[in-house]
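> sequence? don't have it. structure:
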Ligand SMILES: Cc1cc2nc3c(=O)[nH]c(=O)nc-3n(C[C@H](O)[C@H](O)[C@H](O)COP(=O)(O)O)c2cc1C
């Protein structure tokens, strides 16, 4: 087997670390949401785009993990992490069969990671309707037209379907949410904050849900 020629940078040297600013350790928080809000705000200011992008890991009926990026579209202490997708997609099927998932944010500009594990629920339909209506009309039509995750013979088939649905609505902005599209929330049971530190001596703070409260512990890097 020959190696595929990929560009892999060297591990940082002592001089590289010396040239960088020190990074603060993670504060000793007793609940996760205030710090999450602060880190998302930092990411929004420093990431080039999609600062709320998060990996969503699910598992299929064979126990085979799957993962893809979705956008965080809402966060609350009561309702958890909200995202929107096609309920009939691969992830939708997996979440219907196994309503547990993990999320992972990585903000390269801040050298930070947040990992989340928890249980999944569908959002109430009024929340999905409200979010759907905020989307551009073309994005709503694309959501109606897409059989997300299923085979598409040619791009023209999709374009024709989009054109057909667009012609039904014309300039009418009242494009209702299709039943196959909507939101989920992940109710967290564990949230881990990770902050890069020099020489891979990273800082990790894990919060675990205990009843209404959170237990926190530092982890070795
Ligand atoms: C930056 C980024 C944001 C994305 N946001 C979403 C999203 O919010 N919802 C969604 O269904 N797919 C989103 N996608 C596409 C998914 O990664 C994935 O291709 C799609 O949902 C199909 O996944 P599945 O076949 O595992 O169901 C995004 C992709 C990227 C790269």
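Okay, I see it. Every value quoted in this text rests on a predicted model; they were computed, and no experiment measured them.
> Name the single longest strand found in this structure.
Criterion DSSP state E: the longest strand present in the chain is strand 181-195.
> From the contact counts, what lies against it?
helix 33-46, strand 80-86, strand 112-122, helix 125-134, strand 203-210 (3 or more CB pairs under 8 Å, 6 or more residues apart in numbering; DSSP states H and E). (Each C-beta comes from the backbone N, C-alpha and C, glycine too.)
> possible to save the ones you listed as JSON lines with mean pLDDT?
Formatted as JSON lines, the helices and strands packed on strand 181-195 follow (pLDDT from 0 to 100):
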{"stretch": "helix 33-46", "mean pLDDT": "98"}
{"stretch": "strand 80-86", "mean pLDDT": "98"}
{"stretch": "strand 112-122", "mean pLDDT": "98"}
{"stretch": "helix 125-134", "mean pLDDT": "98"}
{"stretch": "strand 203-210", "mean pLDDT": "98"}
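> how about the residues of the chain that lie near the ligand?
Residues of the chain found near the ligand (CB under 6 Å from any ligand atom) are 50, 53, 66, 68-71, 83-86, 89-91, 148-149.
> Show me what the strand or helix carrying residue 165 is packed up against.
Following DSSP states H and E, one finds residue 165 within helix 155-169. If you count contacts as 3+ CB pairs under 8 Å, 6+ apart, helix 155-169 packs onto helix 137-145.
> The helix it packs on vs strand 181-195, what angle?
Put simply, helix 137-145 runs at 110 degrees to strand 181-195, going by axes from the mean of the first three to the mean of the last three CA atoms, to 10 degrees.
> Quick one: residues in contact with helix 137-145.
With CB atoms under 8 Å, 6 or more residues apart in numbering as the contact definition, helix 137-145 has outside contacts at 86, 132-133, 135, 158, 161-162, 165-166, 169, 173, 175, 177-178, 181.
> Go through it and flag the buried ones.
If you call a residue buried by 16 or more other CB atoms under 10 Å, then helix 137-145 has these buried ones: 140-145.
> Out of these, the closest to the ligand would be?
The ligand lies nearest to residue 143 out of the buried residues of helix 137-145, by CB to the nearest ligand atom, at 8.9 Å.
> secondary structure element for the most centrally placed residue in the chain?
The centroid of the chain falls nearest to residue 54 when counting by CA atoms, centre = their mean (2.7 Å). Residue 54 belongs to strand 53-59 when assigned by DSSP H and E.
> Which other helices and strands does whichever helix or strand comes after that strand contact?
Counting by DSSP H and E, the next helix or strand C-terminal to strand 53-59 is strand 65-71. Packing partners of strand 65-71 (3+ CB pairs under 8 Å, 6+ apart): strand 53-59, strand 80-86, helix 90-97.
> Kindly present these as TSV, with separate columns for distance to residue 5.
Listed next are these as TSV, based on distance: least, CB to CB, whole Å:
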stretch	distance to residue 5
strand 53-59	27
strand 80-86	36
helix 90-97	32
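> so what's residue 35 up against?
Contacts for residue 35 (CB under 8 Å, 6+ apart) come out as 26-27, 29, 193.
> Do I have it right that residue 189 meets residue 117?
Yes. Contact criterion CB atoms under 8 Å: residue 189 and residue 117 qualify, at 5.9 Å.
> Selecting buried members of the residues of the chain next to the ligand in PyMOL, what would you type?
Buried residues among the residues of the chain next to the ligand (16+ other CB under 10 Å), as a PyMOL selection:
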select buried, resi 70+83+84+85+86+89+90+91+148
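> Before I go, just wanted to say thanks for your time.
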